[in-house]
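In: sequence first, predicted model second:
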Amino acid sequence: MPQHSLATLQNFFNPVWKKVCDGCHLNRDTLTIAKNNGYRITSLEVHMKGLVIFGSMIPSSSLKYMV
């Protein structure tokens, strides 16, 4: 599916998705937002050509406390 088509679908379903999934937004670039706000991605699994992403992150400031 072309990215433009995917974005259109995400924008269409986003209002309902936010209500059903506790405020989750389909149309946000979560990884970029996390990185720009001081988080470091520690693991990442990409499925279905990027449609589904699982991962974990930690605040960058906590890196100095990890052993």
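Out: In hand now; what should we look at?
In: which other residues reach the helix ranked longest in the chain?
Out: If you go by DSSP state H, the chain has its longest helix at helix 3-20. For helix 3-20, the surrounding residues in contact (C-beta atoms under 8 Å, 6 or more residues apart in numbering) are 24-27, 51. Glycine gets a C-beta too; all of them are placed from N, C-alpha and C.
In: quick one, which of these are buried?
Out: residue 26 (16 or more other C-beta atoms under 10 Å).
In: chain neighbours aside, what residue packs nearest to residue 51?
Out: Spatial nearest neighbour of residue 51, excluding adjacent residues (C-beta to C-beta, 6 or more residues apart in numbering): residue 6 at 7.2 Å.
In: count the residues that sit near the one you found.
Out: Close neighbours of residue 6, defined as other C-beta atoms under 10 Å, add up to 15.
In: roughly how far apart are it and residue 33?
Out: 18 Å (C-beta to C-beta, to the nearest Å).
In: same question, residue 41
Out: To residue 33, residue 41 is 12 Å away according to C-beta to C-beta.
In: now for the most centrally placed residue in the chain: which residues touch it?
Out: The centroid of the chain falls nearest to residue 30 when counting by C-alpha atoms, centre = their mean (3.1 Å). Listed by C-beta under 8 Å, 6+ apart, the contact set of residue 30 reads residue 53.
In: need phi/psi at it.
Out: phi -60, psi -40 (degrees, to the nearest 10).
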